[in-house]
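Engineer: need a structure here:
(one chain, ligands or ions: 1)
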Amino acid sequence: MKAKELIPIPDLEGARRVLCIAPHPDDAEIGAGGTLAKLAEKGARVGLAIVTDGRRGTFDPRQDLEAVAAIRRKEQEAAAQRLGITELYWLSYPDGAGLPAEELRARLIHLIREVQPQAILAPDPWLAYEAHPDHRATGLAAAEAVLFSSMPPFYPRAGLDPHKVDLVAFYYTARPNTFIDVTSTWEHKLAAIQTHTSQFPADTWPMVEGYLTLKAQELAENRGFPLAEGFKALTPMHLHINVDTEIT
Ligand code: ZN
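Structural biologist: Next comes the predicted model:
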């Protein structure tokens with residue numbers, strides 16, 4: 001027996017209470033939309049926390065950034081509805097302006113203690129070439145929050161009890177260990193992404209759809225189903241002094 005087998009890969013599909021944490025409006029749909037829709041269809045309670053307001057998501061120099069944020073909020077609400085997400089939590093940091101690491105960690109810990117999810121989904125902060133600081137900071141704060149939310153001395157607040165999360169599943173990962181069959185919800189995922197019209201104008205859609213579909217086919221290869229989303233699913237025990245986590 002190998003030492004790493006003592007801490008098995010946790011079961012994302014069995015989670016009944018799920019909180020997805022996204023850096024921007026649209027990341028949950030792109031990274032995990034098929035899985036979120038599938039979990040919701042199976043009766044799980046699925047919430048979504050959006051860390052920034054997405055105000056810099058435009059190539060138009062004349063656009064008012066508050067207006068961009070307002071548009072993206074509406075798009076996110078519609079997309080979430082499409083996936084069966086029942087609660088949205090807006091942390092409302094300005095997009096791309098630098099996130100306060102400790103404050104964000106504390107806010108996510110408080111949110112976890114309030115929502116009490118079994119599973120957290122977040123972008124993989126250890127994706128080697130990720131250049132967007134909101135993605136790195138959000139993933140890292142989510143991992144830290146999963147590690148510390150069960151420990152009373154970390155950011156105590158009256159009325160909120162410590163809560164142990166069973167697992168974190170990192171999307172946007174290059175090292176997946178979990179492959180969810182999203183064939184039945186693939187159309188919902190694509191429709192939810194397309195709801196973000198400000199980010200995916202019609203002329204760019206064929207490339208986006210083509211890339212996502214080919215990637216989902218690659219992730220599903222030799223698994224007996226056509227389309228998958230890939231995650232690095234880990235327990236809190238994998239998130240500290242664990243030399244096996246990289247190869248788990
Ligand atoms: Zn993003």
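Engineer: and the residue in the chain positioned nearest to the ion, how far is that from residue 76?
Structural biologist: In the chain, the residue that lies nearest the ion is residue 24 (3.6 Å; CB to the ion). C-betas here are computed from N, CA, C, even on glycine. As judged by CB to CB, to the nearest Å, residue 24 and residue 76 stand 9 Å apart.
Engineer: now the residue nearest to the residue of the chain closest to the ion when sequence neighbours are not counted, what's its secondary structure?
Structural biologist: Computed as CB to CB, 6 or more residues apart in numbering, the closest residue to residue 24 that is not its neighbour in sequence is residue 54, at 4.6 Å. Here residue 54 is recorded as coil under DSSP: H, G, I helix; E, B strand; the rest coil.
Engineer: ok, the residue of the chain closest to the ion - contacts?
Structural biologist: Residue 24 makes contacts with 50, 51, 52, 54, 57, 72, 95, 134, as judged by CB atoms under 8 Å, 6 or more residues apart in numbering.
Engineer: give me the subset of those residues that lies in strands.
Structural biologist: 50, 51, 52 (DSSP state E).
Engineer: any chance of these in CSV, with pLDDT, neighbour count and distance to residue 103 too?
Structural biologist: As requested, the ones in strands among the contacts of residue 24 are exported to CSV (pLDDT from 0 to 100; neighbours: other CB atoms under 10 Å; distance: CB to CB, whole Å):
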residue, pLDDT, neighbour count, distance to residue 103
50, 98, 26, 16
51, 98, 28, 11
52, 98, 26, 13
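Engineer: burial measure for the residue nearest to residue 24, as a count.
Structural biologist: Neighbours of residue 54 under the rule other CB atoms under 10 Å: 30.
Engineer: the one 5 residues further on too?
Structural biologist: Close neighbours of residue 59, defined as other CB under 10 Å, add up to 5.
Engineer: same deal with residue 97?
Structural biologist: 12.
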